[in-house]
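> Sequence below, structure please.
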Amino acid sequence: MHKRETSKIVLILVAVMAITVALAWKTASRDPDIFDYPETKEAANPVPDFSAISDTNEKKRAFFNYLRPEVEKQNEYLLSLRHYLQTLQRKLNAGHGLTREDDKRLSWLIKEYRIDDNRRTEDQIKLLLNRVDILPVELVLMQAANESAWGTSRFASEGYNFYGLWCYKKGCGFVPNLRSSGEKHEVAKFENISRATYHYMRNLNRHSAYKELRHIRASLRRAQLPVTGLALAEGLMSYSERGAAYVNELQHMIRFNQEYINE
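Sure, this is the predicted structure:
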């Protein structure tokens, strides 16, 4: 092979490598898009064996240390969505139109949070702001502890489902041992803890059964009061067949475990 041809090949290889590195850097350094599921780097790690921890205090700390980063990640994402929606709201109030990219993102949010797509854009954004909002860390942690027996259930350890979420497509999860004859539901299985937490929080934020929770949260926002787990627990009457007893138990758990939650 001639020296000139060798040089050309080397230059081509160098150029290809430079483009590859540039694209990788651009992808890694860009801000997460609205369509990106928020995931922590540790999301797909195996669930810790909480049943092997005999000391109660140690188990609680391990449980909170495992789940808290996931909850905080989802809340950061929800706050970024709220900021974006508020930006769109200001645009419209100022008489400006939305860009094609804005329309695309708004359409995705409308579908994701089950907003009527026949409403006026202004009304859709207002409804989205009612649904796209944080859930207090203490409330999520206590529901997870309650539903997963502090992370020891097989649904949590084998499918990252700490929240007792159901699914209705055959093979979508685990068939409960105590499922009644004729029932079709399964306990959902997820690929990682971030996906499970995202689906749980989206469920509370969009399902009609938790309309009261969202009403309580919106009322606290309007009054410029803290959005607390104790307050929002009142809107979870439909999460369990136990109703008020379930809500009271969650509130008791929040109070009793406050020192661990705040660590």
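> Could you say which helix or strand holds the closest residue to Gly229 other than its chain neighbours?
Using Cβ to Cβ, 6 or more residues apart in numbering and skipping the chain neighbours, the partner closest in space to Gly229 is Leu139 (3.3 Å). Glycine gets a C-beta too; all of them are placed from N, C-alpha and C. Using DSSP states H and E, Leu139 sits within helix 137-148.
> if we can go back for a sec, for the residue nearest to Gly229, what are its contacts?
228-229, 232-233, 250, 254 (Cβ atoms under 8 Å, 6 or more residues apart in numbering).
> you'd agree Glu72 is up against Val137?
Yes. With contact defined as Cβ atoms under 8 Å, Glu72 and Val137 form a contacting pair (6.7 Å).
> Pick out whichever of the two has more residues nearby.
Taking neighbours as other Cβ atoms under 10 Å, Glu72 and Val137 compare with Val137 leading, 18 against 14.
> Without its sequence neighbours, what residue ends up closest to that one?
Val71 (5.0 Å).
> what's near enough to touch that neighbour?
135, 137, 140-141, 197.
> ok, now how distant is it from Ile193?
According to Cβ to Cβ, to the nearest Å, Val71 stands 10 Å off from Ile193.
> Could you give me the buried positions within the longest helix along the chain?
Longest helix of the chain, by residue count under DSSP state H: helix 56-93. Using 16 or more other Cβ atoms under 10 Å as the burial criterion, the residues of helix 56-93 that qualify are 59-60, 62-64, 66-71, 73-75, 77-78, 81, 84-85, 88-89.
> for stretch 112-132, same thing?
Buried positions in stretch 112-132, judged by neighbour count with 16+ other Cβ under 10 Å: 112-113, 115, 121, 124-125, 127-132.
> Can you give the distance from stretch 183-196 to the centre of its chain?
On the basis of Cα atoms, centre = their mean, to the nearest Å, stretch 183-196 sits 13 Å off its chain's mean C-alpha point.
> With stretch 71-91 instead?
Relative to its chain's centre, stretch 71-91 lies at 13 Å (Cα atoms, centre = their mean).
> Would you mind writing the CA trace of that stretch as PDB?
Taking Å, rounded to 0.1, in the frame of the first residue of the first chain, the C-alpha atoms of stretch 71-91 are listed here in PDB:
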ATOM      1  CA  VAL A  71     -38.000   9.800  45.200                       C
ATOM      2  CA  GLU A  72     -35.900  13.000  45.100                       C
ATOM      3  CA  LYS A  73     -34.900  12.300  41.400                       C
ATOM      4  CA  GLN A  74     -38.600  12.000  40.400                       C
ATOM      5  CA  ASN A  75     -39.500  15.100  42.400                       C
ATOM      6  CA  GLU A  76     -36.800  17.100  40.700                       C
ATOM      7  CA  TYR A  77     -38.200  15.900  37.300                       C
ATOM      8  CA  LEU A  78     -41.700  16.900  38.300                       C
ATOM      9  CA  LEU A  79     -40.600  20.400  39.400                       C
ATOM     10  CA  SER A  80     -38.800  20.800  36.000                       C
ATOM     11  CA  LEU A  81     -42.000  19.900  34.200                       C
ATOM     12  CA  ARG A  82     -43.900  22.400  36.400                       C
ATOM     13  CA  HIS A  83     -41.400  25.100  35.500                       C
ATOM     14  CA  TYR A  84     -41.800  24.300  31.800                       C
ATOM     15  CA  LEU A  85     -45.600  24.400  32.000                       C
ATOM     16  CA  GLN A  86     -45.400  27.700  33.900                       C
ATOM     17  CA  THR A  87     -43.200  29.100  31.100                       C
ATOM     18  CA  LEU A  88     -45.800  28.100  28.500                       C
ATOM     19  CA  GLN A  89     -48.500  29.700  30.600                       C
ATOM     20  CA  ARG A  90     -46.600  33.000  30.700                       C
ATOM     21  CA  LYS A  91     -46.100  32.800  26.900                       C
END
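> sorry, back to before: any buried residues in the next helix or strand after the helix holding Leu139, and which?
As assigned by DSSP H and E, the chain's next helix or strand after helix 137-148 is helix 154-159. Buried residues in helix 154-159, counted by 16+ other Cβ under 10 Å: 155-157, 159.
> And helix 154-159, what does it pack against?
Contacts defined by 3 or more Cβ pairs under 8 Å, 6 or more residues apart in numbering; DSSP states H and E place helix 154-159 against strand 173-174, strand 186-188.
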